[in-house]
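Enquirer: Structure of the sequence below:
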Amino acid sequence: MDKKRLVVAFGDSLTVGYQSPTYERPWYEETPYAEFLSKHLSGGLNFITSGISGELTEEMLRRFPSDVIAVKPDYVIILGGSNDLGWGMQPTVVMQNLYTMYMMAQEANIVPIAVTVPSIRGYDVMIRPRMVLNDMIQDTARDIGIPCVDMFTKSAEPGTLRLAQQYSNDGLHLTTEGYMLLADLLYNEVFLNFPRQQ
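Expert: The predicted model follows:
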């Protein structure tokens, strides 16, 4: 009997599923997208959520050997870069860290799944760097032949390219609806078509 395949969801607060408190919901809340994705798959895959709020891609890269490679998952979903851009780091530097993680995963026979960084709301000057990074993520994923989910485009307003209101209540983190959207995209564009082990 084959064991279930394992997926590590790897990243920062967007992987943790952090939600900012609101007047209507003043409590701390975590709704990781991996939980919604697991429900889509009816328990067909096992998930580990490995996210640290506030983390930079350099920090993600440092813990990648212990938190991903050593765990030996079948897939790793990599979402990072939002914090780096917030600190003014160049997209090329961020992309190098992400690329290194993609390659480390492939060398360990783990399928890396790239995710673009969502947009932002209330700070329009930060939208352009996200677009630059996301173009690099998509180009790199295509070049090395790995799946890529474009969360930026799917969660942004078509005209302004700001993070759509229904997907965020603080302009940076996602709402439950936003995390569910990411799970839907990963399911429909990646895991729905992956062969299942019996």
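
Enquirer: Count the residues that sit near residue 120.
Expert: Taking other CB atoms under 10 Å as the criterion, the count of residues near residue 120 is 23. From N, CA and C alone the C-beta is placed, and that goes for glycine too.

Enquirer: Contacts only, for it.
Expert: Counting by CB atoms under 8 Å, 6 or more residues apart in numbering, residue 120 touches 126, 127, 130, 162, 163, 171, 172.

Enquirer: Which ones among those map onto helices?
Expert: Counted as lying in helices by DSSP state H, out of the contacts of residue 120, are 127, 130.

Enquirer: where along this structure do the helices fall?
Expert: 13-16, 33-40, 57-67, 82-86, 91-107, 127-144, 151-155, 176-189.

Enquirer: measure the residue lying closest to residue 191 once chain neighbours are set aside to residue 151 for me?
Expert: With sequence-adjacent residues excluded and distances taken as CB to CB, 6 or more residues apart in numbering, residue 191 is closest to residue 41, at 6.2 Å. When CB to CB, to the nearest Å is the yardstick, residue 41 and residue 151 sit 19 Å from each other.

Enquirer: More neighbours: which of these two?
Expert: More crowded of residue 41 and residue 151, by other CB under 10 Å: residue 151, with 24 against 20.

Enquirer: With residue 83 as the reference, measure out to the more buried one.
Expert: As for residue 151, its distance to residue 83 is 16 Å (criterion: CB to CB).

Enquirer: And residue 192, by the same measure?
Expert: 30 Å.

Enquirer: Comparing those two, which residue is more hemmed in?
Expert: Neighbours per residue, other CB under 10 Å: of residue 192 and residue 83, the larger number sits with residue 83, 23 against 10.

Enquirer: ok, that one - contacts?
Expert: So residue 83 contacts 12, 54, 55, 56 (CB under 8 Å, 6+ apart).

Enquirer: ok, back up a step: please identify the most buried of the helices of the chain.
Expert: Per-stretch averages of neighbours, counted by mean count of other CB atoms under 10 Å, single out helix 13-16 among the helices of the chain, with a mean of 24.
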